[in-house]
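# Here is a sequence with its predicted model. Questions after.
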Amino acid sequence: MKNMLKLMLSSLVVMFAAGCAFAFPDVNSDYWAAKQINELNEKGVIVGYPDGTFQPDENVTRAEFASMAIKALGQEDIHVAQPVNFTDITKDFWAYDSIQKALYFDLITNKSSEDKFRPDDSVSRAESITMAVNALTTQEISDYKALTALQDYADLKDIPQEFLIPAGKAQILNMLVTIPSSGDKKIEAKRPATRAEVAAILYRMIEEARLNPNAKLAEVMRKKTGEGYVIEGATVQGSVGTIPAGSVVPIKLTQAISSQKNQSGDIYIATVPTNYVTKENYILIYEKSGLKGQLLDVKAGKWFIRNGVLVLDNALIVTPNDQTAHFSASGEITKERNWFMKIVRAVLKGEKLENLPDNTVEMKLLKPIKVDLTNGWIIE
């Protein structure tokens, strides 16, 4: 049974590490947008087709893009009090709410002369990139600066005037996604955006919106606060919090472990006993998040030979939003000794170690962890 548990944890770690590369059979691990596609799929922003494929070269409709953008920004639950009326969509249209939210958050600019949304039209590259840029607070730029930023594109002369500034901003922000090719770099503003391109555009939008959302998004994308264990070295940039490597955090095991009964490689399950927070009380890791790892080194205490050893090696965390992420940390269980017992254990050895479920263990993070402070999502 112990060997089976060891194998299960090892398999889980391997499957998790490789999961992003094999989420869809038609998206290979070396595909140019594999990372973006699979991470957005994990978050529920984009989904595959019923046959399990992603079909990265297919087009995306304007309604689909509005829905994806709102999901990417985490604003599905916002209520729009004053919807905009269009003649070609009604309240029972599947993406009606998402379209209204995209309008409310200024992702889409509605011209008073337009009475149609064209939900089933393919979203163009210009439209998708403009919507992504509109989600951000950006520095204003001139036409000249935009042209300078875009000068390496072979089809710059063909860019629509209304897309010039958004394209320039996108280029400056590394959001002007193009499919890698050996030919000339082209913007292809009027071409329908592919599903792979949309995934890459939304991925970059999420990254930038965490730091500089537009004014309306900033009002609702508030960092969550609470009481808990303060990690002094944690930093905050925009809505992203970082727990640096070397930080020490408490965990609570769900079962007893002993230097006399357990073996190296045994699996353990633990929980986060209290929120991990920044000094400003922004929540980094939520209480009751699950932790999984194995005993890295176990040695029984023996008289005149050695004191007991219990070293834990944590691998994964499962957050309250059902995300599984890497949580690489290690810790050693020790006993507090007075001066007399220090002498006894130094001479006679034989100390036995045990950790009960009510006790906490201090773990040191081996790698930094970045967290979206608005929703607790671990960024990898």
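Great, that's in hand.

# so what does the helix or strand harbouring residue 327 touch, helix or strand wise?
Element membership of residue 327 [criterion: DSSP states H and E] is strand 324-332. Using 3 or more CB pairs under 8 Å, 6 or more residues apart in numbering; DSSP states H and E as the contact definition, the elements that strand 324-332 packs against are strand 248-253, strand 290-299, strand 309-318, strand 360-365. Yep, even glycine has a C-beta here, placed from its N, CA and C like the rest.

# let's see it at 7 Å
For strand 324-332, the packing partners by 3 or more CB pairs under 7 Å, 6 or more residues apart in numbering; DSSP states H and E come out as strand 309-318, strand 360-365.

# Give the other helices and strands that the longest one contacts.
Secondary structure elements in contact with strand 309-318, counted by 3+ CB pairs under 7 Å, 6+ apart, are helix 2-19, strand 290-299, strand 324-332, strand 360-365.

# Just the helices from the chain, written as ranges.
2-19, 34-42, 62-72, 96-104, 125-134, 143-149, 161-172, 195-211, 215-220, 339-347 (DSSP state H).

# Could you export those as CSV, including distance to residue 278?
CSV is the format used below for the helices of the chain (distance: least, CB to CB, whole Å):
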stretch, distance to residue 278
helix 2-19, 27
helix 34-42, 24
helix 62-72, 25
helix 96-104, 30
helix 125-134, 29
helix 143-149, 35
helix 161-172, 30
helix 195-211, 15
helix 215-220, 19
helix 339-347, 37
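
# Tell me who's in contact with residue 221.
213, 239, 374 (CB atoms under 7 Å, 6 or more residues apart in numbering).

# can you count the residues close to residue 81?
By the criterion of other CB atoms under 10 Å, residue 81 has 6 neighbours.

# How about residue 346?
The burial count for residue 346: 10, using other CB under 10 Å.

# now the one 5 residues further on
Burial measure for residue 351: 19 neighbouring residues, criterion other CB under 10 Å.

# In this structure it contacts residue 302, no?
No. Residue 351 lies out of contact with residue 302 (CB atoms under 7 Å); the separation is 9.6 Å.

# Would you mind measuring from residue 117 to residue 77?
Look at residue 117 and residue 77: by CB to CB, to the nearest Å, they are 22 Å apart.

# These two: which is more packed in?
Taking residue 117 and residue 77 together and counting by other CB under 10 Å, residue 117 has the greater number of neighbours (24 against 9).

# which residues sit in contact with the closest residue to the more buried one other than its chain neighbours?
Nearest residue to residue 117, sequence neighbours excluded (CB to CB, 6 or more residues apart in numbering): residue 86, at 4.4 Å. For residue 86, the contact set (CB under 7 Å, 6+ apart) comprises 115-117.

# one more time with 10 Å, if that's ok
93, 96, 99-100, 103, 110, 114-119 (CB atoms under 10 Å, 6 or more residues apart in numbering).

# Of the residues you listed, which is the most crowded?
residue 99 leads the contacts of residue 86 on contacts (other CB under 10 Å) with 26 neighbours.

# Check whether it really touches residue 68, as I assumed.
No. Here residue 99 does not reach residue 68: they are 11.8 Å apart, not a contact under CB atoms under 10 Å.

# Tell me how many other residues crowd the closest residue to residue 356 other than its chain neighbours.
Leaving aside its chain neighbours, residue 356 sits nearest to residue 256 (5.2 Å; criterion: CB to CB, 6+ apart). Per other CB under 10 Å, the neighbour tally for residue 256 reads 13.

# how far away is residue 256 from residue 314?
17 Å.

# Disregarding residues adjacent in the polypeptide, which is nearest to residue 253?
residue 270 (4.8 Å).

# so that neighbour touches residue 295, yeah?
No. If you go by CB under 10 Å, residue 270 and residue 295 don't touch, sitting 11.8 Å apart.

# who's more crowded, the two?
Between residue 270 and residue 295, residue 270 has the larger neighbour count (other CB under 10 Å), namely 24 against 21.

# show me what contacts the nearest residue to residue 352 once chain neighbours are set aside?
Leaving out its chain neighbours, the residue that sits closest to residue 352 by CB to CB, 6+ apart is residue 301, at 4.5 Å. By CB under 10 Å, 6+ apart, the residues touching residue 301 are 258-260, 307-309, 345, 349-353.
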